[in-house]
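Requesting a structural model of the entry that follows:
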Amino acid sequence: MVKAGLDGLESNSAVVIPGIANKAGALSAQLAPRSVVRKIAGL
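Sure thing, here's the model as predicted:
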């Protein structure tokens, strides 16, 4: 985690998502309807 954050800092990235599973989850949250994301998040 720390290495990914520091690498992102060096490359001037605002958001760093380490790991393929985390990247897939972040992408699916952007593509899915908000109502589905809210149900999964428990809101």
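
could you dump the host helix or strand of Q30 to PDB, C-alpha only?
Under the criterion of DSSP states H and E, Q30 resides in helix 20-31. Provided in PDB are the C-alpha atoms of helix 20-31 (Å, rounded to 0.1, in the frame of the first residue of the first chain):
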ATOM      1  CA  ILE A  20      -6.300  -5.900  -9.800                       C
ATOM      2  CA  ALA A  21      -9.300  -6.800  -7.600                       C
ATOM      3  CA  ASN A  22      -9.500  -3.300  -6.200                       C
ATOM      4  CA  LYS A  23      -9.200  -1.800  -9.700                       C
ATOM      5  CA  ALA A  24     -12.000  -4.100 -10.900                       C
ATOM      6  CA  GLY A  25     -14.200  -3.100  -8.000                       C
ATOM      7  CA  ALA A  26     -13.600   0.600  -8.600                       C
ATOM      8  CA  LEU A  27     -14.400   0.300 -12.300                       C
ATOM      9  CA  SER A  28     -17.600  -1.700 -11.600                       C
ATOM     10  CA  ALA A  29     -18.700   0.900  -9.100                       C
ATOM     11  CA  GLN A  30     -18.400   3.600 -11.900                       C
ATOM     12  CA  LEU A  31     -20.200   1.500 -14.500                       C
END
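
so after that helix, what's the next helix or strand?
Beyond helix 20-31 toward the C-terminal end (DSSP H and E), the next one is helix 34-41.

Can you get me a residue count around N12?
Neighbour count for N12, taken as other Cβ atoms under 10 Å: 6. Glycine gets a C-beta too; all of them are placed from N, C-alpha and C.

what do you get for M1?
Counted with other Cβ under 10 Å, M1 comes out at 8.

which ones are touching it?
P18 (Cβ atoms under 8 Å, 6 or more residues apart in numbering).

pLDDT at it, what is it?
Here the pLDDT value assigned to M1 is 73.

Point to the residue nearest the middle of the protein.
A26 (3.8 Å; Cα atoms, centre = their mean).
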